[in-house]
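> output the structure for:
(chains A, B, C and D, ligands or ions: 4)
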There are 2 protein chains.
Amino acid sequence: MQSPTALAALYRSHGRKVTPQRQLLFQLMHENDQHPTAEALFAEASAQMPGISLRTVYQTLNELAEMGELQFIDIGGGPTRFDPNLDDHHHVVCSDCGHIRDVQVSGAAALHPSGAEDFVINEVGVVFQGVCSSCEKSRAKAGKSPLNKTFTHVYQN
Amino acid sequence: MQSPTALAALYRSHGRKVTPQRQLLFQLMHENDQHPTAEALFAEASAQMPGISLRTVYQTLNELAEMGELQFIDIGGGPTRFDPNLDDHHHVVCSDCGHIRDVQVSGAAALHPSGAEDFVINEVGVVFQGVCSSCEKSRAKAGKSPLNKTFTHVYQN
DNA sequence: GATCTAATTTGCAATTTGTGCTAACAAGAA
DNA sequence: TTCTTGTTAGCACAAATTGCAAATTAGATC
Ligand SMILES: [Mn+2]
Ligand SMILES: [Mn+2]
Ligand SMILES: [Zn+2]
Ligand SMILES: [Zn+2]
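Numbers count the residues shown, from 1 in each chain, chains lettered A, B, ... in the order given. Ligands and ions are numbered 1, 2, ... in the order given. Below is the predicted model:
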């Protein structure tokens, strides 16, 4: 996603208005590597702008996605996560706490599917399932089995 | 997922009962490569067993997942899809119609993330975005741009 | 700066997908 | 056949997101 200033210009060039709500969300999303949910963003935004509505958060995120400035990430059945990182990258998900981390995956672009010769492929996404270090620690302490099921959904494969 | 007969035995060995509803769902899911939604399965099941409840469909699918007999697939924000294919495989999604196709991806198991050295990785999933041949045809006929946005969500990356 | 208009924000209703709960029911053991 | 315990169905509820319309405001125009 571009800088808040660049986005303001982009918005105006699209006949969209640059409101305080949008500017705040531009800031909150810019270089945000947390893959936040709409609710999480709403909470952050509300702290700085009491009264902003969740509806506006969703609306702005949808616009940004429409304009190609961010991506929606749907993994594991929870709420949609939003990703302003437009670089070619992939994700690791902690199956325990749900945290998503950006990762590089060398060789990902070279992957090819066998059995879909009739498809025109546009993109590849790689998702690793794992357990983050902090969850690994608490798991050891609790004497849990290596793969608990806080998350009912088994992520994609 | 195992055969309906094997599942019946497995269920009994777990102290679970083998009901007509479950047997029907075993049949409908066995070797089903459609990655159906719960609603889709419910529709098919209802045709053969009027009165079966959607609740029971969800319940049975959850059980099967718990027993490791099927996977949940969450892509693109729509409803969860269910996958009885336990082989190591990956998916291609048509960004136009949403169809999911099983594919093999040689080299997928060898992929490694850079930037998540503190994670214990358990699984890798590869998802290709593309347009299936039938959508490609209708797209050509309609003179549409190569990537329309019937699906707001940009799938993972 | 005042005026005007179209875009935006809000709040709330509605929708979609899935789960919690429980009374009625039925599998399968005895 | 009886009995116990797991299961089903149905409905209420929850979570996430969108539809809608009245009130507001950005920014163009005068
Ligand atoms: Mn990312
Ligand atoms: Mn599959
Ligand atoms: Zn974690
Ligand atoms: Zn298609």
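> pairing partners for the biggest strand by length in chain A, with directions?
Assignment by DSSP state E gives strand A:120-131 as the longest strand of chain A. Strand A:120-131 has its sheet partners listed here by DSSP bridges as strand A:90-94 (parallel), strand B:120-131 (antiparallel).
> how about A:Gln48, nearest residue that isn't a chain neighbour?
Nearest non-adjacent residue to A:Gln48, counting by Cβ to Cβ, 6 or more residues apart in numbering or on different chains: A:Leu24, 6.1 Å away. Where you see a C-beta, it was placed from the backbone N, CA and C, and this is true even at glycine.
> could you do A:Leu54 as well?
Taking Cβ to Cβ, 6+ apart, and ignoring the residues beside it in sequence, A:Leu54 has A:Phe42 as its nearest neighbour in space, at 4.7 Å.
> that neighbour and A:Ile75: what is the separation?
For A:Phe42, the distance to A:Ile75 under the criterion Cβ to Cβ, to the nearest Å works out to 20 Å.
> give me every residue that touches A:Ser46.
With contacts defined as Cβ atoms under 8 Å, 6 or more residues apart in numbering or on different chains, the neighbours of A:Ser46 are A:Ile52.
> A:Phe42 and A:Ile75: which is more packed in?
Of the pair A:Phe42 and A:Ile75, A:Ile75 is the one with more neighbours under other Cβ atoms under 10 Å in any protein chain shown, namely 24 against 20.
> run the contact check for the longest helix along chain A versus DNA strand C.
If each helix of chain A is counted by residues according to DSSP state H, the longest one is helix A:54-66. Yes: against DNA strand C, helix A:54-66 shows contacts by Cβ under 7 Å from any atom of the strand at A:55-56, A:59-60.
> now the helices: where do they sit in chain A?
Using DSSP H, helices in chain A cover A:4-13, A:20-29, A:38-48, A:54-66, A:133-142.
> for chain A, which spans come out with low pLDDT?
Along chain A, segments meeting pLDDT under 70 span A:142-157.
> which residue ranges make up the domains of it?
Domain ranges of chain A: A:4-73, A:87-141, per automatic domain parsing.
> how far away from the center of its chain is the shortest one?
Put plainly, it is domain A:87-141. Per Cα atoms, centre = their mean, to the nearest Å, the displacement of domain A:87-141 from the mean C-alpha position of its chain is 13 Å.
> one more: the first one?
For domain A:4-73, the distance from its own C-alpha centre to the chain's C-alpha centre is 13 Å (Cα atoms, centre = their mean).
> that one: end-to-end distance?
Start to finish, the residues bounding domain A:4-73 are 22 Å apart (Cα to Cα, to the nearest Å).
> hmm, it in reach of DNA strand D?
Yes: using Cβ under 7 Å from any atom of the strand as the criterion, contacts between domain A:4-73 and DNA strand D involve A:11-12, A:17-20, A:37-39, A:54-55, A:58, A:62.
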